[in-house]
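Sequence and predicted structure below; questions after.
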Amino acid sequence: MTSVESPNDARETKRATPVHVVLRYAAFVILLGGLLAAIAIYLLAGSDSEANVAADITRQKMYEHNIALIGGKGAIYAVRLNEWLSSLWHGTTLAYMIAVLSLVLAAACFALAWLMAMPPQSDGITGDADKR
């Protein structure tokens, strides 16, 4: 008599990878990919001469005066914030931002994987009644 394996037997022998292990692999991939991308961007970043010309125009007193006439002091602060945020996404500062974001995201994945790998701790309330 021959033994024929059913598809259910094959699924039972193959174990699923725990979620915390998958998260650790994802953290390694995010960290490695982000840092490699940051290095490539840093090495390939051109000069920011065009951005400097635009920044010089917006720093002029007449420009700030016109913005203040249109929207007041709040508009001036909003324009300065917008300029600062837009400066983060060009050239070498983009490389730094990608490196920092990949480090933070990888650290979050590592922390979550560590928390998921910890065994659950009993609170002492449910187990005491059975021991009496």
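Happy to help now that I have it. Owing to the predicted nature of the structure, the values given are computational and were not obtained by experimental measurement.

Next, work out how far apart the residue most central in space within the chain and Ala40 are.
Taking Cα atoms, centre = their mean as the criterion, Leu105 is the residue nearest the geometric centre of the chain, at 3.7 Å. Distance of Leu105 to Ala40, given as Cβ to Cβ, to the nearest Å: 18 Å. Every residue, glycine included, has its C-beta placed from N, CA and C.

for the residue nearest to the centre of the chain, what are its contacts?
Ile30, Gly34 (Cβ atoms under 8 Å, 6 or more residues apart in numbering).

Now name the helix or strand holding it.
In this structure, Leu105 is located in helix 91-117 according to DSSP states H and E.

So for that helix, what gets flagged as buried?
Buried residues in helix 91-117, counted by 16 or more other Cβ atoms under 10 Å: Gly91, Thr93, Leu94, Ala95, Ile98, Ala99, Ser102, Ala106, Cys109, Phe110, Leu112, Ala113.

Show me which of those residues has the smallest pLDDT value.
pLDDT across these is lowest for Gly91, at 83.

just checking, that one touches Ala45?
Yes: shown here, Gly91 and Ala45 form a contact pair, counting by Cβ atoms under 8 Å, at 4.4 Å.

Quick one: neighbours of Tyr63, just the number.
14 (other Cβ atoms under 10 Å).

how far away is it from Leu115?
50 Å.

Trp84 too?
35 Å.

Tell me which helix or strand Val29 sits in.
Going by DSSP H and E, Val29 is in helix 19-44.

try Leu69
Counting by DSSP H and E, Leu69 is part of helix 61-87.

Can you name the residues that contact Ala68?
Contacts of Ala68 (Cβ under 8 Å, 6+ apart): Ala75, Ile76.

at 6 Å instead, please
Ile76 (Cβ atoms under 6 Å, 6 or more residues apart in numbering).

can you check Met97 too?
By Cβ under 6 Å, 6+ apart, the neighbours of Met97 are Leu88.

try the one 10 residues further on
Contacts of Ala107 were listed using Cβ under 6 Å, 6+ apart, and none were found.
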